[in-house]
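# the amino acid sequence is not available; the structure is as follows:
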C-alpha cells in the first residue's frame, strides 16, 4: 500500500517502518490525571504499566483501578479483568455498546475504564504503524494534516479523526477527535507537548487533552486528560 508524503515522513520520524515491522509489543509506564477521570469517578494512573500488541488491538493496563493486582485488558472489542495470576475476574463483550448513557454518564467501573484507556493508548502508541494499515483510509487534507477514516467497529475515539504533523520533522503535534463514548459533544484536541527518546526510540512523552474550538484549535482549559509517558520500549518478549 502506498502512503502519502506526510505519512511517510511521520513514519520515518517515529523510528522507521522496519522497527514497527520487526517488533511485536510495546511496553510503557504512564501517569494520567485530568477532569475526565474525575468526572467518571476514576482514580488517576500513577506509574501504571501498559503492554500491547502492535498489529492488533490488544492492550493490558496494570493496575486498571484501585486494586493494584487487577489488570484491565482490551482484546479486539471485548474487555476483561484479570488478577495477577492471569485468572479472569469478569468480562464484557462488545464493550462499546454500553456507552455513553445510563450510569456511565456519571460513573465508570473498571471494565469501562479498561475499554476506554486501552483503546486510547493503543491508538496513540501504535499511530506510526496505523499509517500503514489498509483498514484505515488516510487522506492528506493539506500539507502536514492527515484525515483518517476508521472502519466501523474499530476500537477508537470516533470514525473520522485529524492528525497534524510538523511538516519539517514529521512529528505529531495535535490529534483532533470526538470521544464518542463520553459524548458526541466531546470534541477534543490532543496536543503533544513533548517528545522523548529511549534507546534511540522516539515517542510522544507528554500529551495534554482539552476541548477544541470550532476552528480546530486547542483551548487552554479545562484539562481533560494529562498524560506523561515515563518509559516506552519495543519488545518481542511475551
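Okay, I see it. Bear in mind that the values here come from a model prediction, so they are computed numbers and not experimental data.

# residue 114 in helix, strand or coil?
Under DSSP: H, G, I helix; E, B strand; the rest coil, residue 114 falls in the helix class.

# could you shift the numbering so residue one becomes 16, and keep it that way?
Sure, I'll start numbering at 16, so the last one becomes residue 129.

# that one and residue 75 touch, don't they?
No: assessed by C-beta atoms under 8 Å, residue 129 is found out of contact with residue 75, at 9.0 Å. The C-beta positions use only the backbone N, C-alpha and C, and glycine is treated the same way.

# where exactly do the helices run in the chain?
With DSSP state H as the criterion, the chain has helices at 20-28, 32-37, 50-54, 125-145.

# can you say which of these is nearest to residue 82?
helix 125-145 (8.1 Å; C-beta to C-beta).

# buried residues in that closest one, which are they?
For helix 125-145, a neighbour-count test (16 or more other C-beta atoms under 10 Å) marks 125-145 as buried.

# next one: stretch 39-52
40-43, 45, 47, 49, 51-52.

# poorly predicted segments of this structure, please.
Within the chain, the stretches with pLDDT under 70 are 16-17.

# now stretch 75-95: buried residues?
75-80, 85-90, 92-95.

# from residue 64, how far off is the residue lying farthest from the centre of the chain?
Residue farthest from the centre of the chain, counting by C-alpha atoms, centre = their mean, is residue 100 at 26.1 Å. Per C-beta to C-beta, to the nearest Å, residue 100 is found 16 Å from residue 64.

# about what we covered before: so for residue 197, which of the helices of the chain sits nearest?
helix 50-54 (7.1 Å).

# mind checking the end-to-end distance for stretch 22-33?
15 Å (C-alpha to C-alpha, to the nearest Å).

# how far off centre is that stretch?
With C-alpha atoms, centre = their mean, to the nearest Å as the basis, stretch 22-33 stands 18 Å off its chain's centre.

# contact partners of that stretch?
18, 35, 142-143, 146-147, 153, 155, 161, 180, 182, 184-187, 215-218 (C-beta atoms under 8 Å, 6 or more residues apart in numbering).

# stretch 173-193 too?
21, 24-29, 139, 142, 156, 158-165, 167, 171-172, 194-195, 199-207, 210, 217, 219, 227, 231, 233.

# hmm, residue 98 is touching residue 83, no?
No: assessed by C-beta under 8 Å, residue 98 is found out of contact with residue 83, at 10.7 Å.

# got phi/psi on the nearest residue to residue 238 once chain neighbours are set aside?
Excluding its sequence neighbours, the residue lying closest to residue 238 (C-beta to C-beta, 6 or more residues apart in numbering) is residue 49, at 5.4 Å. Dihedral angles of residue 49 (phi, psi; degrees, to the nearest 10) stand at phi 130, psi 160.

# hmm, back to that, which of the contacts of stretch 173-193 are buried?
21, 24-26, 28-29, 139, 142, 159-161, 163, 165, 171-172, 194-195, 201-207, 210, 217, 219, 227, 233.
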